[in-house]
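Q: Quick one, structure for this:
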Amino acid sequence: MRIGERSIGRDEPPYVIAEIGVNHDGSTQRALQLVEAAKHAGADAVKVQYFEAEHLMSRACRLAKYQEQAGETDPLEMLRGLQLNREAMSEIVRYAHSLDLHAVVTIFSLEDAPLAGELDWDAIKTASPDIINIPLLEALAAAGKPLIVSTGAANAEEIAAALSRLGDIALHCVSAYPTPDECAQLAGIGALADLARTVCPDRNLAIGYSDHTPSIDTGGLAVACGASVLEKHLTWSRTARGPDHAASLDPGQFAQYVQLARQARAMLGPRDVIVQTIEEDVRTVSRQSITATRDLKAGAMLTRDDLTIKRPGAGLPPAMLTALPGRRLARDVAADTPLTAADLEGGA
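A: Residues are numbered from 1 along each chain as shown. Presented below is the predicted three-dimensional model:
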């Protein structure tokens, strides 16, 4: 599949999304600074979150524990202080494109879904809690842009129900902020790929990892486990007050994260059993082949005592050792010389 002109898949470099989220702290200027930081760090895309607090939160809502631990006291007030309006979103899209970055948005409410089609987003994403919000997924898919579906805190049945109908990219995710390394569950990436192949075999979904660990090497490990898309929070300060800063990387760490992820993909190579060009010399020099133990004349009938196995691998393979006694030579062979097919009457 593609986002814009960028191909996405296991044979491509990992597509890295710098999740700005709400780490702009409600400031458009800080959001733009984070877009620029994402560019310098080597990301392919930036992602922001668009919501209106009143559209998302009912009277019954409460804070998640990690939000309380970040110092928040009121969920509605928290979101009001973190939301950016449509004009700010438009400015972020324009600035990202001016830096040759893709712009991705997460939209949380049906009332806000029209923004998916109104601005020049390169892809739309849904948050993990909305894996069961089929009406929202359908409304966002209607924009006709690549749809990225995150799957944190969902069971296989819930994920299957969503992916069987919608989505172009599915992200394995652990919805804990931050996620301890021992809970990263990277093996779930392969399981999600298997599930996607089962429930939507004709759509060839790309599989990725939405990373909430505080580590810089998780992306590379996720790529080794099959992720072709990575989403990682980017912040201006990991110690800043706010719900997502602690689970984010600062710009310098994010650059290392991208480098390690791309290095992991380069080290993976093709999924095939092959002899690489870089191995050809050792393959020839270090393998052994059937070698004459003494000077042999043309027409002589070979015996087992005439033959041994030595390096290099330029002659007949060792597996032919028991088949050669009784064969006649077509030409002279000097002692300690590998035998080739041309040395035998009738060839090998």
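Q: Tell me which helix or strand P270 sits in.
A: P270 is located outside every helix and strand, with elements delineated by DSSP states H and E.
Q: Please verify my assumption that it contacts D11.
A: Yes. Counting by CB atoms under 8 Å, P270 touches D11, with 7.4 Å between them. The way it works is simple: take the backbone N, C-alpha and C, and place the C-beta from them, glycine included.
Q: can you give me the strands in the stretch 1-150 of the chain?
A: Residue ranges of the strands in the stretch 1-150 of the chain, as given by DSSP state E, counting those that start in this stretch, are 2-3, 6-7, 15-21, 45-50, 102-107, 123-126, 147-150.
Q: Switch these over to CSV; also include distance to V258, mean pLDDT and mean neighbour count.
A: Formatted as CSV, the entries for those read as follows, by distance: least, CB to CB, whole Å; pLDDT from 0 to 100; neighbours: other CB atoms under 10 Å:
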stretch, distance to V258, mean pLDDT, mean neighbour count
strand 2-3, 17, 96, 18
strand 6-7, 14, 96, 14
strand 15-21, 5, 97, 28
strand 45-50, 12, 97, 25
strand 102-107, 14, 98, 23
strand 123-126, 18, 98, 25
strand 147-150, 18, 98, 25
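Q: Need the pLDDT of E279.
A: We have a pLDDT of 96 for E279.
Q: ok, now A37?
A: With respect to pLDDT, A37 has a value of 98.
Q: neighbours of it, just the number please.
A: The number of residues packed around A37, counting by other CB atoms under 10 Å, is 21.
Q: and the gap between it and T235?
A: In this structure, A37 and T235 are 9 Å apart, going by CB to CB, to the nearest Å.
Q: Over to L79?
A: Applying CB to CB, the value for L79 to T235 is 18 Å.
Q: In terms of neighbours, single out the busier of the two.
A: More neighbours sit around T235 than around the other of L79 and T235, counting by other CB under 10 Å; the figures are 27 against 23.
Q: With D244 as the reference, measure out to that one.
A: 7 Å.
Q: Which residues are in contact with each of these two?
A: Shared contacts of T235 and D244 (CB atoms under 8 Å, 6 or more residues apart in numbering): N23.
Q: list the buried ones in the helix or strand of the chain with the lowest mean pLDDT?
A: In the chain, the helix or strand scored least confidently by mean pLDDT, DSSP states H and E is helix 65-69, which has a mean of 80. Residues of helix 65-69 classed as buried by neighbour count (16 or more other CB atoms under 10 Å): 66-67.
Q: List the contacts of that helix.
A: Contact with helix 65-69 is made by 75, 78, 176-177, 243, 247, as judged by CB under 8 Å, 6+ apart.
Q: do stretch 275-288 as well
A: The set of residues external to stretch 275-288 that reach it, using CB under 8 Å, 6+ apart, is 269, 309-314, 318.
Q: from those residues, which is closest to N133?
A: The shortest separation between N133 and any of the contacts of stretch 275-288 is 39.2 Å, and it belongs to G269 (by CB to CB).
Q: Done for today, thanks.
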